[in-house]
Structure formats: structure tokens, C-alpha cells
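[1] Sequence below, structure please.
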Amino acid sequence: MHVAGRIEDYALIGDMQTAALVCRDGTVDWLCLPRFDSHAIFAGLLGTEEHGFWRLGPAHSPDAPPPTAARRTYRGDSLILESEWDTPRGTVRVTDFMPPRDSDAPQLVRIVEGVSGRVPMRSALRMRFSYGRVVPWVHKVDGRTVAVAGPDSVWLDTPAETFGKDLTTYSDFTVAPGDRIAFTISWQPSHRQPPALPDPEGALAATEEFWREWVEHCTYHGPYREAVVRSLITLKALTYAPTGGIVAAPTTSLPEDIGGSRNWDYRYTWLRDAAITLSSLLRTGYREEARAWREWLLRAVAGDPENLQIMYGIAGERELGEAELDWLPGYEGSTPVRAGNGAAHQLQLDVYGEVTEALHLAHMTGLARNDYASLLQLKLIRYLETHWNQPDEGIWEVRGPRRHFVHSKVMCWVAVDRTIKLIESGDADGPLEKWRELRDDIHRDVCEKGYDKERNTFTQSYGSKELDASLLLIPQMGFLPPDDKRVIGTIEAIQRELSTSDGFILRYPTSGDDAGVDGLEGDEGAFLACSFWMADDLAMIGRVDEARKLFEKLLALRNDLGLLAEEWDPRLQRQVGNFPQAFSHVPLIDTALRLTASGAYGG
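    The predicted model follows:
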């Protein structure tokens, strides 16, 4: 009996339209078809085997847990996963991948290869549609196995013999050296003709070539190249190719607090996450992805920037209603399991700054001019003219009362500042003097109301005593220079008050069993993005050796495949939160670039 592994036990494979998570024992526990935000056909990650899985590995006793792979790696710089098992009868390799698709039919391909000896193998495929709730009708059509439920069908193709038992499709076979046996599942709308027969070996060669060519565009060749390239590949995998939208993570409801209720659906495009992802892609040579995201943004916002949402669907959808999937017991009992995200209509003023900063960077790096992008930027500032001084829910999407969050005000300043620079460059027209006054007004307001003189630190919100790790972005955004005593004081205060015993950084104080500033009970782990921000700030204020040591401690938290979730639980010493998380991999890239530029690396 397989149970879901630790979050870091999973590998990511994907086709830039959806993604699967593969455990160390060869079980696919999560896959949504045909898109990232579709219903899962394998939801064992958030439940049990009854909710769908696909295990492929050495045969074992039903009373024992499946054996875990002795070794696993990605094939070079790709998303092709290779897992090897050493058994008493020999060694076997399974290659898992999803070919980048040209058609509607997504595929998951698994190729079993004998390495030594003769190894008995078993494939156990249990498809459950609608997040594990619906048992499909499984039958044979022209020698192919198909599972059908409502609008969906999934086709299994393999030369191996298959049989059904206990609402599961099995295949038992043995591989010897040189044997290669492929299993492929393909999704297709159930009303259409069957998908074309797959060509697993051809798809493998094409997938390897795709990733090889894509990675060649990377312009970073510094000492942290392995970590940077793996993070870039992960960000590319989280990009929905048809539109350019970028999901925050391919999963929902992996908990920030094991056993708690801080479980959210991240399979959507946050403007903030996507904007910072765009900046990392631009700085490492990926202009086409940046252009596609800019086009996605312009379509999503369309003619209504006054009603800018903090997140959208991957094709620009606005309605992301939140529901609880009460038939799923949750990852390690963490409930509720949620689909959709009710934070979509929150007011988060900082996104205006992140979007404007991304558009500014695209402009500065020579991305072909788009007149509507400039027009959008001007419209955003006109909105902020009358709304920047309102309370909001802030970067962390608190579900408590609105506040005057300092980070939100700083990012409003960024939006105005970058737009002034656009006008000064001659590429847009606007009321320069009026907006220079606005920029000064916001700056003055933050420094007067968001700064605690007695403690020499900025605070989470006006009038509060709490700290917030988002304050680490103040020097990075150019709001104040790194050598300003208020900046140094804030960095040191966050180190004292929001640092874990491991030296990683919490987002803000939580209150255990009581509802804190975020309106939620329970605690959470160290937020990895904030910890990377701390490394950045330390480098900026000249403490480069300390910055490098923190960065390399953060790199050590990655799993064996170089992947990071959203947070690190210092008590349990494990990754927590949705996985893999764009908002962790982006600052990894940014910090690597900063440390490389400063020469602050070992060796």
C-alpha cells in the first residue's frame, strides 16, 4: 500500500500545459488533465490510493510498501526523469516524461528499461476523475484501454498485457537487459475520435531536443549555473504555453502547516508571481517568454485596469470561485482541500508596482515596444492617484481586516517612479510634475507612518509593532539606498525577530491557535522567498560572506532534483506548501545573479 510521500519526495514532469508529480517509489500521485487547473485524474497526493494513482516499478508483496528508487535524476538539463531500482534480481530504469504538445492530446510516457538481471515489474493504474470522486468506465477499444467519464477520456497504450482487477488496470511483466517497454496515457475529450497511437521513443527524442535547445538560450554561466538552470526549467514548466500565463505552482492544498487549514489552490496566475518570474527570465536571456507574458497581461487586464485582479486563470479567466473538496482527506490530514481561490478579488495595491516594474524592465531590456503596454501603465497610475492611500489585504493575502501595509505603499511608489522614468525616456506622455509630487507624497507618508523611530525599523503596517519580511524589498526596489540607517535597522530587526533557529526567515509573526494578522489559526514554516530576499539584502549592505552562506544553506534545502516548495518547516525539517513553487525559484535565480555579480561565492 502506497501512501503519499513527503513533499520533497516528488519529481516534476510536465508539458507546459499541465504537470505530474512522481514519487520516489514510481507512483504518479498528482496529474490534472488537460490543463494545470483541470480536475485531477490522480489525486492520491491529497487522499489515498482510492483517489487515483499510477505506480510503475519492481513487483513487490502486497503487504509491503513499494520499493523506492535507489537513484533518480533528470536527464541533463531537461524535465525527463530517470529513476533506477536495484533489486535482488537486477537493476531496472524507468524514464518518465510529458512531451511538449502540439495537439490537444496531452501524454504521460513511462518507458521501462532493463539494465541488469531479469526484474519482475508491475504497473498499477487507477484512474479516478473529478479529484478522485468519479470512477470511470474502463473498457477495450481496438486493443487499447480507455477510461471514460463524462467529457473526459484517457487512453492507455502499451505492448504489455493488461488486466483489470479491483477497479484497477494492471500489467505484470519482466525486463532483461536491453528490453524497453513503454506505457503511455493520452487524454482526449470523450466525444472525439481516439487520439493517435503514441510513438514513445520518438516523443522521448523530441522532448530531449526541446529542452536542450531551450536551455541553450540561458545567458547565465556563473558558479550557481546548475541551480539557476534547474530553476529556469521549473519556471518554464509552470508556464501555460498557449497563453503565456504562469501558474504559481501545479498543485492545490499542499499545507503550509501539516495537519492545519492553511491549504490553498495555486494553479492560477498571480500577477505578482508572474511579474517577478518575467524579470528573472529577462535577466537570463528568455525574451520570448517575457513577450508572451506581457501579451497575456494585456489580454487579461483588457480595457479594465481599474478592476485589476491579483490573479487570473491561466487563459485570463476572472472567476476563480473557491470550493472545498470534502471527499478528500487532505495531505497528511490537512483539510480542507480547496479548488479555486477566493483571494482573487482582494485589494492588493502592491501588484500595481510589480506589474509596472515588470513592464519597465521589459522596456529597459529592449523588448519590442508595445503601445498598449505603455497606455496600461499610465492607466494604472491614474488609478493609484486616488487609491494608493487606502488600506488593503497586502502581499500575503490576509483574510483579516484591511490595513495600511508598508510594502503595499512602497510598491505604489515603485509604480509611480517607473512610470515617471517611462515618460522621461520619451516613450509615453503624462503629467510629470503632478506624478513627481505623488511619488514624493507616497515616500513621505511611508517614512512618517510606517517607520518606528525607537526601534529603527519599518513595520508591517502603519501604527503596528509587527515586522514583515516584505520590508526586505525596500532597498531592492530603490525606495531607499542600502546604506540608509533605516534600511540596515530593518534588516537587522527582521533577523532578530523573524529568523528561525536555522537562520531562515518567517513572513510575519503568526499566533498559533489564535487568529493573527492574517485572520488564520495555526503557524507556518520559514518562507523561502523571504529567506532569499534576506541574502540579497545582506549582499547589498556589504555583508556578502554572510549572504553567500545563507544562500548556500537555502540551496541545500532543495530536494535531490533541485526543487523547492513554498516554505521550510524548521520543526519537522521538511518542505511544506505547494510544490514546486515559482515564488521560491525566482528569488533563487535573482540571488544567484546578485552574488555572482558581487563575486561573493565560494571557491
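[2] Helices along the stretch 251-400 of the chain, start to end?
    For the stretch 251-400 of the chain, the helices defined by DSSP state H, counting those that start in this stretch cover 271-283, 287-301, 350-364, 371-387.
[3] mind putting the ones you listed in TSV, mean pLDDT, mean neighbour count and distance to Phe210 included?
    C-beta: built from backbone N, CA, C; applies to glycine. Below are the helices of the stretch 251-400 of the chain laid out as TSV (pLDDT from 0 to 100; neighbours: other Cβ atoms under 10 Å; distance: least, Cβ to Cβ, whole Å):
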stretch	mean pLDDT	mean neighbour count	distance to Phe210
helix 271-283	88	24	17
helix 287-301	87	20	14
helix 350-364	89	24	25
helix 371-387	90	17	29
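[4] so which of the ones you listed comes closest to Ala149?
    helix 287-301 (31.1 Å; Cβ to Cβ).
[5] Give me the contacts around that closest one.
    The contact list for helix 287-301, computed with Cβ atoms under 8 Å, 6 or more residues apart in numbering, reads 236, 239, 243-246, 269, 271, 274, 277-278, 281-282, 308, 312, 316, 355, 358-359, 362, 365, 367-368, 370, 372-373, 376.
[6] Distance from the chain centre to it, please.
    18 Å (Cα atoms, centre = their mean, to the nearest Å).
[7] and if you look at stretch 97-116?
    22 Å.
[8] And the average pLDDT for that stretch is what?
    Computed over stretch 97-116, the mean pLDDT rounds to 92.
[9] One more: stretch 587-603?
    Stretch 587-603 comes out at a mean pLDDT of 84.
[10] Next: stretch 212-220.
    On average, stretch 212-220 scores 97.
[11] In CSV, could you pull the C-alpha coordinates for that stretch?
    Provided in CSV are the C-alpha atoms of stretch 212-220 (Å, rounded to 0.1, in the frame of the first residue of the first chain):
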residue,chain,number,x,y,z
ARG,A,212,18.4,21.1,-25.0
GLU,A,213,17.6,23.9,-27.4
TRP,A,214,15.7,25.9,-24.7
VAL,A,215,18.4,25.8,-22.2
GLU,A,216,21.0,26.9,-24.8
HIS,A,217,19.3,30.4,-24.6
CYS,A,218,20.4,30.9,-20.9
THR,A,219,22.9,33.7,-20.6
TYR,A,220,23.9,32.9,-17.0
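[12] Flag every buried residue along that stretch.
    Buried residues in stretch 212-220, counted by 16 or more other Cβ atoms under 10 Å: Trp214, Val215, Cys218, Tyr220.
[13] again, but for stretch 144-158
    Neighbour-count burial for stretch 144-158 [16+ other Cβ under 10 Å]: 144-149, 152-158.
[14] Out of those residues, give me the two with the largest separation.
    Largest pairwise distance in those, by Cβ to Cβ, is 21.0 Å, between Ala149 and Thr158.
[15] pLDDT weak spots in the stretch 101-250 of the chain?
    The model of the stretch 101-250 of the chain has pLDDT under 70 over residues 103.
[16] which stretches of it form helices?
    129-132, 200-215, 225-237.
[17] Look up how far Glu319 lies from the nearest residue to Leu498 once chain neighbours are set aside.
    Residue nearest to Leu498 in three dimensions, not counting chain neighbours: Leu506, with 4.5 Å by Cβ to Cβ, 6 or more residues apart in numbering. Leu506 sits 33 Å away from Glu319 when distances are taken as Cβ to Cβ, to the nearest Å.
[18] One more: Val487?
    For Val487, the distance to Glu319 - Cβ to Cβ - is 41 Å.
[19] These two: which has the busier surroundings?
    Val487 (22 against 10; other Cβ atoms under 10 Å).
[20] Can you say which helix or strand has the more buried one in it?
    Val487 belongs to helix 485-497 when elements are defined using DSSP states H and E.
[21] Let me see the mean pLDDT of that helix.
    97.
[22] and what of stretch 396-414?
    Averaged across stretch 396-414, the pLDDT comes to 92.
[23] Return the set of buried residues in it.
    Those buried within stretch 396-414 under the rule 16+ other Cβ under 10 Å are 396-398, 403-414.
[24] Check stretch 526-545 too.
    Counting neighbours by 16+ other Cβ under 10 Å, stretch 526-545 gives 526-541, 543-544 as buried.
[25] Out of those residues, which sit inside helices?
    528-540, 544 (DSSP state H).
[26] Kindly reformat those as a markdown table containing distance to Asp96 and pLDDT.
    As requested, those are exported to a markdown table (distance: Cβ to Cβ, whole Å; pLDDT from 0 to 100):
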| residue | distance to Asp96 | pLDDT |
| --- | --- | --- |
| Leu528 | 26 | 97 |
| Ala529 | 28 | 96 |
| Cys530 | 33 | 97 |
| Ser531 | 31 | 97 |
| Phe532 | 29 | 98 |
| Trp533 | 34 | 97 |
| Met534 | 36 | 98 |
| Ala535 | 33 | 97 |
| Asp536 | 35 | 97 |
| Asp537 | 39 | 97 |
| Leu538 | 39 | 97 |
| Ala539 | 38 | 96 |
| Met540 | 41 | 96 |
| Val544 | 40 | 96 |
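[27] any idea how far the spatially closest residue to Tyr286 that is not a sequence neighbour lies from Gly260?
    Using Cβ to Cβ, 6+ apart and skipping residues adjacent in sequence, the residue nearest Tyr286 is His217, 6.1 Å away. Separation of His217 from Gly260 (Cβ to Cβ): 41 Å.
[28] average pLDDT across whichever strand or helix holds Ile442?
    Element membership for Ile442 (DSSP H and E) is helix 432-449. Confidence for helix 432-449, expressed as mean pLDDT, is 98.
[29] Just the buried residues of that helix, please?
    Trp435, Leu438, Arg439, Ile442, His443, Asp445, Val446.
[30] what do you get for stretch 23-34?
    Cys23, Arg24, Asp25, Gly26, Thr27, Val28, Asp29, Trp30, Leu31, Cys32, Leu33, Pro34.
[31] and if you look at stretch 199-216?
    Quick answer for stretch 199-216 (16+ other Cβ under 10 Å): Pro200, Ala203, Leu204, Thr207, Glu208, Phe210, Trp211, Trp214, Val215.
[32] how close does Arg180 get to Pro159?
    10 Å.
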